[in-house]
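Asks: All I have is the shape, not the residue letters:
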């Protein structure tokens, strides 16, 4: 008599469709992004991206939701934190116009590049001084000096850094960027800053684009205009920084393979999503896209990055962070102060 074998039920084990596995987390992220941008619409001073991270952290640590984000929703949330982040980085390029950047003038461009370089090197040195691991130090330096979580995601992909290792750097860059929203406007008047200088300072020192907008708009439209252009000039440096990180990683892999007498597939110098970012910058700069398409791209980018940041935030466990992240928090605050000072010095030269 033939023995019948029971097949695994659909939806279990290796037969479980990927869509069914990812759907709970992706739907959770979509709901969180909706809430974040509803709150942002009611309180414009609170950036949607920052709210998405905060909601993720709350979801990971509140008793009623921690089990969900750490269990059934985890696969989809990890997918959002990794893959939707890359899509958001591509569309971020639609916000950068080469013409707007060149309008700043060569002196301003040189100063912005110098601030980014000094911020990167200084933040990396501070992180290592506080005994953070090299990978964490690299990601913190990247996020603080260029464009926050987007830059962290890009360099993590280039260097093949595990998704879990991006969680702490994203939390730190979000915390310090949020701190800037409250602190910088308070000290602008005591420092005697004009609106133009304050805008340039915000663009040169605050991490995320949304945080720059929330901070600069407190000083009026003039401050906001120069802040956004200065910030997007920093964003433009994401591509060369990613390329440099890719070249360095390839050389390290090649040297390791030579030492071990093995060969392995080399990672790309620049991943496709970074090339996509460059392509979107070129498309925006060409002037071919109508404003309506740019608005659609900006909305989609906000949705993708918001979902990605919620996914990353949902992996932050406050108890673990308090036990292991004390040194990291001190390093982040010291780095935030360094970048604020460097950005202020550059702002006086750019717009003073």
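Replies: Great, that's in hand. Everything numeric here is computed off the predicted structure, so don't read it as measured data.
Asks: which SS state does residue 212 fall under?
Replies: With DSSP: H, G, I helix; E, B strand; the rest coil as the basis, residue 212 sits in helix.
Asks: residues contacting the spatially most central residue of the chain?
Replies: The residue lying closest to the centre of the chain (C-alpha atoms, centre = their mean) is residue 149, at 1.4 Å. Residue 149 is in contact with 49, 53, 85, 143, 170, 173-174, 208, 305, 308-309, 312, counting by C-beta atoms under 8 Å, 6 or more residues apart in numbering. Quick note: C-beta positions are derived from backbone N, CA and C, even for glycine.
Asks: Show the contacting residues for residue 142.
Replies: Shown in contact with residue 142 (C-beta under 8 Å, 6+ apart): 120, 151-152, 154-155, 169, 241, 245.
Asks: Let's see the pLDDT reported for it.
Replies: With respect to pLDDT, residue 142 scores 94.
Asks: go on, residue 58?
Replies: The model's pLDDT for residue 58 equals 93.
Asks: in which helix or strand would I find it?
Replies: Per DSSP states H and E, residue 58 falls inside helix 48-61.
Asks: re earlier: neighbour-wise, which one of the contacts of residue 149 leads?
Replies: The most crowded member of those is residue 309, carrying 35 neighbours; neighbours defined as other C-beta atoms under 10 Å.
Asks: Sort out for me which of the contacts of residue 142 are in strands.
Replies: The members of the contacts of residue 142 all map outside strands under DSSP state E.
Asks: Now for residue 71, how many residues are close by?
Replies: 11.
Asks: Show the backbone phi and psi for it.
Replies: phi -120, psi -100 (degrees, to the nearest 10).
Asks: for the one 4 residues further on, same thing?
Replies: Main-chain torsions, residue 75, degrees, to the nearest 10: phi -60, psi -50.
Asks: State the helix or strand in which the closest residue to it other than its chain neighbours lies.
Replies: Closest residue to residue 75 apart from its sequence neighbours, by C-beta to C-beta, 6 or more residues apart in numbering: residue 21 at 5.1 Å. Element membership for residue 21, per DSSP H and E: helix 18-42.
Asks: host element of residue 92?
Replies: In this structure, residue 92 is located in helix 85-92 according to DSSP H and E.
Asks: Need the mean per-residue confidence for that helix.
Replies: 90.
Asks: how far off helix 48-61 does it point, in degrees?
Replies: Orientation check (axes from the mean of the first three to the mean of the last three C-alpha atoms, to 10 degrees): helix 85-92 against helix 48-61 gives 170 degrees.
Asks: Can you give the contact residues for helix 85-92?
Replies: Under the criterion C-beta under 8 Å, 6+ apart, residues 147, 149-150, 153-154, 157, 209, 235, 238, 271, 273-274, 276-277, 279-280, 297-298, 300-301, 304-305, 308-309, 312 lie in contact with helix 85-92.
Asks: Kindly report the same for stretch 116-129.
Replies: Contacts with stretch 116-129, where a contact means C-beta under 8 Å, 6+ apart, come from 134, 136-138, 140-142, 144-146, 234, 237, 241, 328, 331, 334-335, 338-339, 342.
Asks: So which bits of it are buried?
Replies: Across stretch 116-129, burial judged by 16 or more other C-beta atoms under 10 Å covers 116, 118-120, 122-124, 126-128.
Asks: ok, and the helix or strand in this structure with the lowest average confidence?
Replies: Lowest by mean pLDDT, DSSP states H and E among the helices and strands of the chain is helix 238-260, with a mean of 70.
Asks: The nearest residue to residue 127 once chain neighbours are set aside: which element?
Replies: With C-beta to C-beta, 6+ apart as the criterion, residue 127 has its nearest non-adjacent residue at 3.6 Å, and that residue is residue 137. Secondary structure here is read from DSSP H and E; on that basis residue 137 sits in helix 134-145.
Asks: how far is that helix from where the chain is centred?
Replies: Mean-position distance between helix 134-145 and its chain equals 11 Å (C-alpha atoms, centre = their mean, to the nearest Å).
Asks: now do stretch 125-133
Replies: Chain-centre distance of stretch 125-133: 20 Å, with C-alpha atoms, centre = their mean.
Asks: Could you list the low-pLDDT ranges of the stretch 251-352 of the chain?
Replies: By pLDDT under 70, the low-scoring segments of the stretch 251-352 of the chain are 251-270, 324, 352.
Asks: quick one, helices of it?
Replies: For the stretch 251-352 of the chain, the helices defined by DSSP state H, counting those that start in this stretch occupy 272-286, 291-313, 318-324, 326-351.
Asks: May I see the buried residues of the shortest one?
Replies: So the one you mean is helix 318-324. Buried-residue list, helix 318-324, by 16+ other C-beta under 10 Å: residue 321.
Asks: Please apply the same query to the longest one.
Replies: Using 16+ other C-beta under 10 Å as the test for burial, helix 326-351 gives 328-329, 331-332, 334-336, 338-340, 342-347, 350-351.
Asks: cool, the first one as well?
Replies: Applying a neighbour-count criterion of 16+ other C-beta under 10 Å, the buried positions in helix 272-286 are 273-278, 280-281, 283-285.
Asks: Closest one to residue 216 out of those residues, please.
Replies: Here the nearest of these to residue 216, counting by C-beta to C-beta, is residue 284; it sits at 20.7 Å.
Asks: Settle this for me: the closest one is touching residue 294, isn't it.
Replies: Yes: Residue 284 is in contact with residue 294 according to C-beta atoms under 8 Å; the separation is 7.1 Å.
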